[in-house]
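Visitor: here's a sequence, model it:
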Amino acid sequence: MTAKRDVPLLSDLMPWSVAAPRLGRAWIMAPDTGSLRARWDALLRADGAAERERLFRPSRARTLDTAVGQLPGQATATGRLARLVPGEAPCPEPVRVRHGAYDQQWLLPDHRLIDAARTELWRVADAHQLFAVEQPRVPQDPGPALTVSAVLPVGRRARVRPLYRRPRGTEPNLAPGLLRLLGDRLGHPVTAEDAFAYLTAAARPGGKDLAVPLTADPALWARAVALGRELIRLHTRGAGAGERPRLPGGRRPYVRAALPARGLPTEISYDPDEEALLIGEGRISPVPAAAWDAHAGGVRVLAEWCERRTGAVEPGTLDAVRPAAWPQEWTTDLLELITVLALLGGVLADQERLAAALDAAPLIDAGELAGAGVLPAPAAARRPASVLDHHEEGPEGQFALL
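Guide: Numbers count the residues shown, from 1 in each chain. Below is the predicted model of the structure:
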């Protein structure tokens, strides 16, 4: 590795960031929509106010009497939960979210249920948006420092940097002047999507923040952008115009022994000789070792995925309202996750080679960015843009003031 250089930080290049939404209660998120609808119904049909409160699990931020407005873009009611009547309050329509580095789940998008929703993220979450998610670092953790999601990321301690500051893919969340400077140094125009792909491929841990070595070599830049686009495709499972990830024929995982039709399996293991994932009596193969070995946040990804679906829950709580047997949709999601992890394992070597090439290449350092007026980014770039261009319903059905 070359001598230490003044490498810019991701927090300077993508100035606006928001902590990921903090839910405050686990039961409002589930791997299937049926469980969420059943939990909502159980909450409303609770026997008396005290039982409804127990099921709800109030916090300092949210109780049954909390009055809050709608989440942006969500057509949910705003009446106090304590007043809801069974049969007259439809369940909020679940939305897809990312939990942790790789898990995709469903969430009840109701502001009355979420402790810290981060409404500024909901305002810019649409089909054009991508989110760079800085993963919490754990000592000796081989997991990714940065992931990308096409749906809203939720969970503790993660930091979210949207690609765009406004809906419909407008106003990139990049330091003003960065794209122009990169275009001048590389000799060709650079789009926000190019820069985002480059950041995805090149970002690396750098102390408390992520560092991004910016190359001035056009060929190395193109190589990093291509790698970043592949990482984005895998992390988002081909969302948008991307092709859904698939392993080559003969290497695609299949269910070789069915998962139980009754009860939820609680044991998961791996047979390296047979490349088989064993879930109770169920068997899936081939599962490449790279998929089984994948870690994030200090834990094995596939083991945690199963634990979130089949792990022990407290009886009599809304968390305990879940499928009695393994649903087919879980199998579909698991096969896709195995595919993504296996392909990412192969891309990891390319990312390591890119890092070595960047260490030996001429770089655009933080000093040059400062000299060009790109850094430091203005304070306004670190705050959310004003995007309230339509009415949002406030507490108890009132309209929020514009």
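Visitor: ramachandran angles for the closest residue in space to Glu275 that isn't next to it in sequence?
Guide: Leaving aside its sequence neighbours, Glu275 sits nearest to Pro286 (Cβ to Cβ, 6 or more residues apart in numbering; 4.2 Å). Quick note: C-beta positions are derived from backbone N, CA and C, even for glycine. The phi and psi values for Pro286, taken as degrees, to the nearest 10, are phi -80, psi 140.
Visitor: show me the strands in the stretch 201-350 of the chain, by range?
Guide: With DSSP state E, counting those that start in this stretch, the ranges of strands along the stretch 201-350 of the chain come out as 204-206, 209-211, 214-215, 254-257, 268-271, 276-279, 282-285, 295-296, 299-300.
Visitor: just those: most buried one?
Guide: strand 214-215 (a mean of 25; mean count of other Cβ atoms under 10 Å).
Visitor: what is the mean pLDDT for it?
Guide: Model confidence over strand 214-215, given as mean pLDDT, is 98.
Visitor: partners of that strand in the sheet?
Guide: If you go by DSSP bridges, strand 214-215 pairs up with strand 363-364 (antiparallel).
Visitor: for the helix or strand following the strand it pairs with, packing partners?
Guide: Downstream of strand 363-364, the first helix or strand assigned by DSSP states H and E is helix 366-371. Counting contacts by 3 or more Cβ pairs under 8 Å, 6 or more residues apart in numbering; DSSP states H and E, helix 366-371 packs against no other helix or strand.
Visitor: so which bits of helix 366-371 are buried?
Guide: Ala366, Glu368, Leu369 (16 or more other Cβ atoms under 10 Å).
Visitor: spatially nearest residue to the last one (excluding sequence neighbours)?
Guide: Pointing back at Leu369 there. Using Cβ to Cβ, 6+ apart, the nearest residue to Leu369 is Leu375, at 4.4 Å.
Visitor: returning to what we had before: closest to Arg123 out of the strands of the stretch 201-350 of the chain?
Guide: For Arg123, the closest of those is strand 209-211, at 24.8 Å, according to Cβ to Cβ.
Visitor: which secondary structure elements does that closest one contact?
Guide: Packing partners of strand 209-211 (3+ Cβ pairs under 8 Å, 6+ apart): helix 10-13, strand 204-206.
Visitor: measure how buried the residue lying closest to Gly263 once chain neighbours are set aside is and give me the count.
Guide: Excluding the flanking residues, the one nearest Gly263 by Cβ to Cβ, 6+ apart is Ala325, at 6.5 Å. By other Cβ atoms under 10 Å, 11 other residues sit near Ala325.
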